[in-house]
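# sharing a model that was predicted from the sequence below.
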Amino acid sequence: MGSSKEILEQAEALIERGGADCLQELCGLLRRERPHYNWVGFYFVEGNELVLGPFVGAPSPHVRIPIGKGICGAAVAERQTVVVPDVNADPRYLACSLQTKSEIVVPIEAGGRILGEIDIDSHTPDAFGPDDRALLEELARRLAPLLASARAR
Ligand code: SME
């Protein structure tokens with residue numbers, strides 16, 4: 001299991017290389033390096049909805065989520081990271097897999113707008129601590145220009 005610094009270096013190399021597979025490969029990188037990340041994916045803001053992008057893990061029934069619904073929608077509405085240590089105790093939670101016990105959602109912001117988010121589910125209760133949050137928020141900052149340029153095209 002690599003350090004956060006090593007993961008960010010590998011992520012940076014993928015981001016610099018760019019290309020269509022970049023986000024898919026980032027999902028794989030996080031999944032490999034952090035065994036408690038059982039589902040890793042991206043959602044993109046499109047109008048009033050979040051639309052599922054690249055992911056690794058079990059297929060999710062939530063391909064489109066209205067902003068404000070679910071943990072994913074809450075993170076956009078609140079414009080901040082949402083950590084849920086026990087998804088079954090959170091009435092906002094939209095179930096993806098019965099195995100999921102905890103979740104973190106980190107918005108990706110550029111130019112004052114939320115363009116998307118990183119969503120991670122874990123089969124472990126209370127899986128996400130300050131290190132996970134710091135790693136994923138830094139990754140979101142580094143990904144912001146990529147999402148902004150994809151949107152501009
Ligand atoms: N649990 C999320 C839905 C997406 S799946 O986890 C992939 C939510 O409550 O918004």
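Here it is on my side, so go on. Numbering: from 1, shown residues only.

# so how far is the longest helix seen in the chain off the chain centroid?
Taking DSSP state H as the criterion, the chain has its longest helix at helix 130-152. With C-alpha atoms, centre = their mean, to the nearest Å as the basis, helix 130-152 stands 9 Å off its chain's centre.

# list the buried residues for that helix?
For helix 130-152, the neighbour count (16 or more other C-beta atoms under 10 Å) marks 132, 135, 136, 137, 138, 139, 140, 143, 144, 146, 147, 150 as buried. All C-beta spots, glycine's among them, are computed from the backbone N, C-alpha and C.

# apart from its chain neighbours, what residue comes closest to the residue in the chain positioned nearest to the ligand?
Of all residues in the chain, the one sitting closest to the ligand is residue 70 (2.4 Å; C-beta to the nearest ligand atom). Once flanking residues are discounted, residue 70 sits nearest to residue 94: 3.8 Å by C-beta to C-beta, 6 or more residues apart in numbering.

# likewise residue 105?
Closest to residue 105 by C-beta to C-beta, 6+ apart is residue 75, at 4.0 Å.

# let me know how buried that neighbour is, in neighbour terms.
Other residues lying near residue 75 total 25 when counted by other C-beta atoms under 10 Å.

# and for the one 4 residues further on?
Residue crowding around residue 79 was assessed by other C-beta under 10 Å; the count is 11.

# Provide a list of residues in contact with it.
Residue 79 makes contact with 107, 109, 114, according to C-beta atoms under 8 Å, 6 or more residues apart in numbering.

# nearest residue to the middle of the protein?
Closest to where the C-alpha atoms of the chain average out (C-alpha atoms, centre = their mean) is residue 118, at 1.3 Å.

# sec struct for it, please.
In three-state terms, and counting by DSSP: H, G, I helix; E, B strand; the rest coil, residue 118 is strand.

# could you give the bridge partners of it?
residue 42, residue 106 (DSSP bridges).

# that one reaches residue 105, doesn't it?
Yes - with contact defined as C-beta atoms under 8 Å, residue 118 reaches residue 105; the gap is 7.2 Å.
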